[in-house]
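Q: quick one, fold the following:
(chains A and B)
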Amino acid sequence: MIEVRNINKSFDDQQILHDISVGFEQGKTNLIIGKSGSGKTVLLKCIVGLLGVDSGDIFYSGQCFTTMGNKKKKQMRQKFGMLFQGAALFDSLSVEENVRFKLDMFTTMSNAEKKERVNFCLTRVNLEGKNKLYPSELSGGMKKRVAIARAIVLNPRYLFCDEPNSGLDPQTAIMIDKLIKDITDDFNMTTIVNTHDLNSVMEIGEKVVFIHEGRKWWEGINKEVFDTQNRELNDFVFATRLVKQIRNTDESR
Amino acid sequence: MTLLHHIGRYTLLIKRAFARPEKHSIYYSRLIREMEVLGINSTGIVAIISFFMGAVITIQTAYNTESPLLPTYLIGLAARDSILLEFSSTIVALILAGKVGSNIASEIGTMRITEQIDALEIMGVNSAGYLILPKIIALMIFAPFLSVLSMMIGIFGGWIAGTAVGVVTTPDYIYGIQYAFIPYYITYSLIKSVVFAFIITTVSSYHGYFTRGGALEVGRSSTMAVVHSSVVILLFNLILTQLLLS
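A: Reported below is the predicted structural model:
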């Protein structure tokens, strides 16, 4: 469980986040949705501590992360897994080295154990046998899957995904969504996904938080997103002609 | 105010870089890799430039001291002292600031804009320590070797050029480079090379680490790293010369 309480964040004189309070539940895929520039990436970066907050607190299983000392914060972060928008794989390392990075850094496992764990994670994301490839040799979808394998290698308790589907074709995007959902269920993690992909909302959005102009505008489950009377959320959801057409077809029936 | 801001941020970054490593074995393997990338890969350029600079110094000294009152062995002496006192440490450091400094700034800057540094932080790794510390130590260890290499090749280049052009004979040149030799000059040069290595790696890492934006900013950081490293090297050259030779 991750709890965000009254978070405010500004850059110079511009306030980006306004008094946001929200809870993200364990074992569920929690989605933060909103337009580009609405502040969802800033919110995610504040939650993981990459950005400091001006005021407010973030709690991980009841422990206040914002006031934690650096040493404890580093220990806490070892329980994090994060999938970045551009995958953020280490260019100079192979797929295998990328995935085993945390094992090398934080465990005393033998080489055989590490190899076994890496192969398990790569198999989990359907990338078995790609150990020796380098990030430059991978497609966008494969990079994302390697990043997921890297994120789960130490059995994290919290998984954060920043726009996991950006730049991917619809089929690959669905596969990544399914992978995130399955992994969340398998490891009973608290997962937060930042997205503006409505397909993701329908596929994996067990809890959805809508951010608009730096404020929490709406909170609910995926099935409620299309029936809400919230005007800003409606504008966001029915922005495309395709979705509008589907709604009109449904209404005419 | 801006200068103070940069100095403060630089100091905090270096403090973080020298924090206790998460795992020594990983830092050690990175150190070896950095010694290859920053040190061994620079030997070629240092050797070529040292050879030609030694040659030019010898020929210029010869033409500027053309007098029947001055013995020709002075050509070897002047070339030796120029190479030992300034060229092998300061000029080589300026060359390294261009080659190694831009390499460090662009590598770390690219890692910053592609969120690889954020990925390290999220994993609980001290990104400053992991990325910067091995580079600092690697170049501080390797710079004295490059300096000694530069001295040897520079003096050798001077001999080849001097004798080929006919401005000095081999016995005179050898006598000149041995005449009134002060071994402390080598120590002085090595001390300077270690300090300059620290300046190059830390200033360049600083510019790379705080890159914001995209490819254009990485290029800008790389340029700034070279410019600022060079300026700081020249400033410290003045300070060290006064401190070590007075």
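Q: distance from the chain centre to the host helix or strand of B:Ile57, please.
A: B:Ile57 belongs to helix B:43-64 when assigned by DSSP states H and E. On the basis of C-alpha atoms, centre = their mean, to the nearest Å, helix B:43-64 sits 17 Å off its chain's mean C-alpha point.
Q: elements contacting it?
A: helix B:73-82, helix B:92-96, helix B:127-165 (3 or more C-beta pairs under 8 Å, 6 or more residues apart in numbering or on different chains; DSSP states H and E). Yep, even glycine has a C-beta here, placed from its N, CA and C like the rest.
Q: buried residues in it?
A: Applying a neighbour-count criterion of 16 or more other C-beta atoms under 10 Å in any protein chain shown, the buried positions in helix B:43-64 are B:45-47, B:49-51, B:53-55, B:57-59, B:61-62.
Q: just the helices from the stretch 51-200 of chain A, written as ranges.
A: A:70-77, A:95-106, A:111-124, A:140-152, A:170-187, A:198-204 (DSSP state H, counting those that start in this stretch).
Q: which residue does the stretch 151-253 of chain A have closest to chain B?
A: A:Phe160 (7.8 Å; C-beta to the nearest C-beta).
Q: run through the bridge partners of that residue.
A: Beta bridges link A:Phe160 to A:Met82, A:Ile192 when assigned by DSSP bridges.
Q: ok, for A:Leu103, nearest residue in space, not its chain neighbours?
A: Among residues not flanking A:Leu103 along the chain, A:Lys114 sits closest, at 4.7 Å (C-beta to C-beta, 6 or more residues apart in numbering or on different chains).
Q: against chain B, how distant is the one you found?
A: Distance from A:Lys114 to chain B, counting by C-beta to the nearest C-beta, to the nearest Å: 13 Å.
Q: A:Gly49 now?
A: Distance from A:Gly49 to chain B, counting by C-beta to the nearest C-beta: 8 Å.
Q: number of nearby residues for that residue?
A: 18 (other C-beta atoms under 10 Å in any protein chain shown).
Q: same deal with B:Phe18?
A: Applying other C-beta under 10 Å, we find 13 residues neighbouring B:Phe18.
Q: check contacts around the nearest residue to A:Ser61 once chain neighbours are set aside.
A: Distance criterion C-beta to C-beta, 6+ apart; nearest residue to A:Ser61, sequence neighbours excluded, is A:Met1 at 5.9 Å. Contacts for A:Met1 (C-beta atoms under 8 Å, 6 or more residues apart in numbering or on different chains) come out as A:23-26, A:59-62, A:190.
Q: and chain B, which residues reach chain A?
A: Chain B has residues B:22-23, B:26, B:110, B:114-116, B:118-119, B:121-126 near chain A, with proximity defined as C-beta under 8 Å from any C-beta of the partner chain.
Q: which of those residues count as buried?
A: Buried members of the residues of chain B next to chain A, scored by 16+ other C-beta under 10 Å, are B:22, B:26, B:110, B:114-116, B:118-119, B:121-126.
Q: now, which of these lie within strands?
A: Among these, no member falls in strands (DSSP state E).
Q: adding pLDDT, write those residues out as TSV.
A: Listed next are these as TSV, based on pLDDT from 0 to 100:
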residue	pLDDT
B:Glu22	87
B:Ile26	92
B:Thr110	96
B:Thr114	94
B:Glu115	93
B:Gln116	95
B:Asp118	94
B:Ala119	94
B:Glu121	92
B:Ile122	91
B:Met123	91
B:Gly124	89
B:Val125	92
B:Asn126	93
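Q: on that earlier part again, between the helices and strands packed on helix B:43-64, which one is nearest to B:Ile199?
A: Closest to B:Ile199 of the helices and strands packed on helix B:43-64 is helix B:92-96 (C-beta to C-beta; 7.8 Å).
Q: return the subset of the buried ones among the residues of chain B next to chain A lying in helices.
A: Per DSSP state H, helices hold the following members of those: B:26, B:110, B:116, B:118-119, B:121-122.
Q: just flag the most distant two among the residues you listed.
A: Once C-beta to C-beta is applied, these give B:Ile26 and B:Thr110 as the farthest pair, at 20.9 Å.
Q: show me the contacts for the residue sitting furthest away from the middle of chain B.
A: Within chain B, B:Pro68 marks the point farthest from the mean C-alpha position, 38.7 Å out by C-alpha atoms, centre = their mean. By C-beta under 8 Å, 6+ apart, the contact set of B:Pro68 is empty.
Q: and the gap between it and chain A?
A: B:Pro68 is 61 Å from chain A, by C-beta to the nearest C-beta.
Q: just for chain A, where's the confidence low?
A: Applying pLDDT under 70 to chain A flags residues A:240-244, A:247-248, A:250-253.
Q: let's see 80
A: A:226-228, A:230, A:237-253 (pLDDT under 80).
Q: what do you get for chain B?
A: Counting by pLDDT under 80, the ranges of chain B that qualify are B:1.
Q: please tabulate the ones in helices among the buried ones among the residues of chain B next to chain A in a markdown table, including the columns distance to A:Pro170.
A: Output for these, formatted as a markdown table (distance: C-beta to C-beta, whole Å):
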| residue | distance to A:Pro170 |
| --- | --- |
| B:Ile26 | 40 |
| B:Thr110 | 30 |
| B:Gln116 | 28 |
| B:Asp118 | 28 |
| B:Ala119 | 26 |
| B:Glu121 | 32 |
| B:Ile122 | 28 |
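Q: measure B:Ile122 to A:Ile47 for me?
A: Here B:Ile122 is placed at a distance of 11 Å from A:Ile47 (C-beta to C-beta, to the nearest Å).
Q: pick out the residue nearest the middle of chain B.
A: For chain B, by C-alpha atoms, centre = their mean, the most central residue is B:Ala93; offset 2.5 Å.
Q: who are the contact partners of that residue?
A: Shown in contact with B:Ala93 (C-beta under 8 Å, 6+ apart): B:143, B:192-193, B:196-197, B:199-200, B:233.
Q: list the contacts for B:Thr241?
A: Listed by C-beta under 8 Å, 6+ apart, B:Thr241 has no contact partners.
Q: before we move on, which element is it in?
A: Element membership for B:Thr241, per DSSP H and E: helix B:215-245.
Q: what residues does the stretch 51-200 of chain A put near chain B?
A: A:74-78, A:80, A:82, A:84-86, A:88-91, A:101-102, A:104-106, A:160.
Q: residues contacting B:His207?
A: B:His207 is in contact with B:105, B:109, B:221-222, B:224-225, B:228, counting by C-beta under 8 Å, 6+ apart.
Q: I'd assumed it was in a strand, is it?
A: No. Secondary structure of B:His207, determined by DSSP: H, G, I helix; E, B strand; the rest coil: helix, with no strand assignment.
Q: for B:Ser193, see how far away it is.
A: Noted for B:His207: a distance of 21 Å to B:Ser193, by C-beta to C-beta.
Q: thinking again about what came up before, closest one of the residues of chain B next to chain A to B:Gly158?
A: Distances from B:Gly158 to these, taken by C-beta to C-beta, are shortest for B:Thr110, at 40.4 Å.
Q: three-state assignment of the closest residue to A:Asn230 other than its chain neighbours?
A: Excluding the flanking residues, the one nearest A:Asn230 by C-beta to C-beta, 6+ apart is A:Trp218, at 4.9 Å. Following three-state DSSP, the label given to A:Trp218 is strand.
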